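**Student:** quick one, what's the 3D model for this:
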Amino acid sequence: MSTPRTVQQLFDLTGKTALITGGSRGLGLQMAHALGEAGAKVVISSRKAADLEQAVMALQDAGIDARWIAADAGNPADIQRLADETLERVGDVDILVNNAGATWGAPAQDHPLEAWDKVMNLNVRGYFLLSQAIAKASMIPRQQGRIINLASIAGLGGNHPFMQTIAYNTSKGAVVNFTRALACEWGHLGIRVNAIAPGFFPSKMTAGTLAAVGEERLAAGAPLQRLGDDEDLKGVTLLFASEAGKHITGQVLAVDGGVSALIGG
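**Tutor:** Okay, here's the model as predicted:
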């Protein structure tokens, strides 16, 4: 048996390349920092070039090898272009983070069909199409890869009384089982697939809920009595992306201050 690697060696991502969708701000940018700080070359993507340019500057200022590609993760043609351009510019992708997402607030009885389709296309179909494209072109031929999907504690149970986000909750529940199904199907190909289920983090997506309910009230509902911050996804992202997590696949880890423990998620 070979000598076990050190913890530092297991978490080291030097020589690896990561693609992160929705990577220009919020949770996606935090995960890009985590992967880059561990040594990976990172490519971030979102729809707006200006946001991406600013985010890449921040990553590069932190000493990270970073670049960007603008693409709409809800558009199949853009998804294929993103995969092709990433592979052309940086070579094989070792780590794919499916993070781009959308939500929509409306009572279920009045939820617009076009809004339902927008959420599902970005949060579920987009994850599938990009995973398929990157796996076929890069991960399956090399028999290795790591895919990290962003679920949510909203996909682990029903709505909170103050939330009316039926499409978002449904989509994140789909991400949970998409992760499990893909992990089972692609495990023998050397591809690990896991999901992170964040609780409440201050972000553009949660701004409406934070404004309506209040940060203090939301924090009080968690056993740790706080919301997520700019560091709280870094550890789990690195675990799922690195050799430290080489025997972990098909798992969904809530990073929520304990909220899912209260609701039985």
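
**Student:** now do stretch 10-18: everything it contacts.
**Tutor:** Outside stretch 10-18, the residues that touch it by C-beta atoms under 8 Å, 6 or more residues apart in numbering are 32, 35-36, 38-43, 90-97, 238-239, 241-244. Any C-beta I mention is one placed from the backbone N, CA and C, and that applies to glycine too.

**Student:** let me redo that: stretch 245-262
**Tutor:** By C-beta under 8 Å, 6+ apart, stretch 245-262 touches 146, 151, 153, 156-157, 176, 179-180, 183-184, 187, 192-200, 219, 221-228, 232-233, 236, 239-240, 265.

**Student:** residue boundaries of the helices in the protein?
**Tutor:** 7-11, 26-37, 49-61, 76-90, 113-120, 126-134, 140-142, 166-186, 207-213, 215-220, 234-241, 259-263 (DSSP state H).

**Student:** off-centre distance for the first one?
**Tutor:** Its chain's C-alpha centre and that of helix 7-11 lie 22 Å apart, by C-alpha atoms, centre = their mean, to the nearest Å.

**Student:** start the count at 4 instead of 1 going forward.
**Tutor:** That works, and once the first residue is 4, the last one we named lands at helix 10-14.

**Student:** buried residues in it?
**Tutor:** Under the neighbour-count criterion of 16 or more other C-beta atoms under 10 Å, helix 10-14 has residue 14 buried.

**Student:** that helix - what's its average pLDDT?
**Tutor:** Per-residue pLDDT over helix 10-14 has a mean of 97.

**Student:** the fourth one now?
**Tutor:** With pLDDT averaged residue by residue, helix 79-93 scores 98.

**Student:** list the buried ones in that helix?
**Tutor:** Using 16+ other C-beta under 10 Å as the burial criterion, the residues of helix 79-93 that qualify are 81-86, 89-90, 93.

**Student:** mind giving me the packing neighbours of it?
**Tutor:** Contacts defined by 3 or more C-beta pairs under 8 Å, 6 or more residues apart in numbering; DSSP states H and E place helix 79-93 against strand 20-24, strand 44-49, strand 69-73, helix 129-137.

**Student:** and the contacts of that helix?
**Tutor:** By C-beta under 8 Å, 6+ apart, helix 79-93 touches 20, 22, 24, 44, 46, 48, 70, 72, 74-76, 96, 128-129, 132-133, 136-137, 140-141.

**Student:** with just CA atoms, put stretch 41-55 into CSV.
**Tutor:** The C-alpha coordinates for stretch 41-55 follow below in CSV (Å, rounded to 0.1, in the frame of the first residue of the first chain):
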residue,chain,number,x,y,z
ALA,A,41,-6.4,25.7,-3.4
GLY,A,42,-4.4,26.0,-6.7
ALA,A,43,-7.0,25.4,-9.4
LYS,A,44,-7.2,27.4,-12.6
VAL,A,45,-10.8,28.8,-12.7
VAL,A,46,-13.2,29.8,-15.5
ILE,A,47,-16.3,31.6,-14.4
SER,A,48,-19.4,32.2,-16.4
SER,A,49,-22.6,34.2,-16.2
ARG,A,50,-24.7,36.2,-18.6
LYS,A,51,-23.1,39.7,-18.0
ALA,A,52,-19.6,40.4,-19.2
ALA,A,53,-19.2,43.5,-17.0
ASP,A,54,-19.9,41.5,-13.9
LEU,A,55,-17.5,38.8,-15.0
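
**Student:** and it, how far out from the chain middle?
**Tutor:** 13 Å.

**Student:** pull out the buried residues from the contacts of stretch 13-21.
**Tutor:** Neighbour-count burial (16+ other C-beta under 10 Å) applied to the contacts of stretch 13-21 gives 35, 38-39, 41, 43-46, 93, 95-100, 241-242, 244-245, 247.
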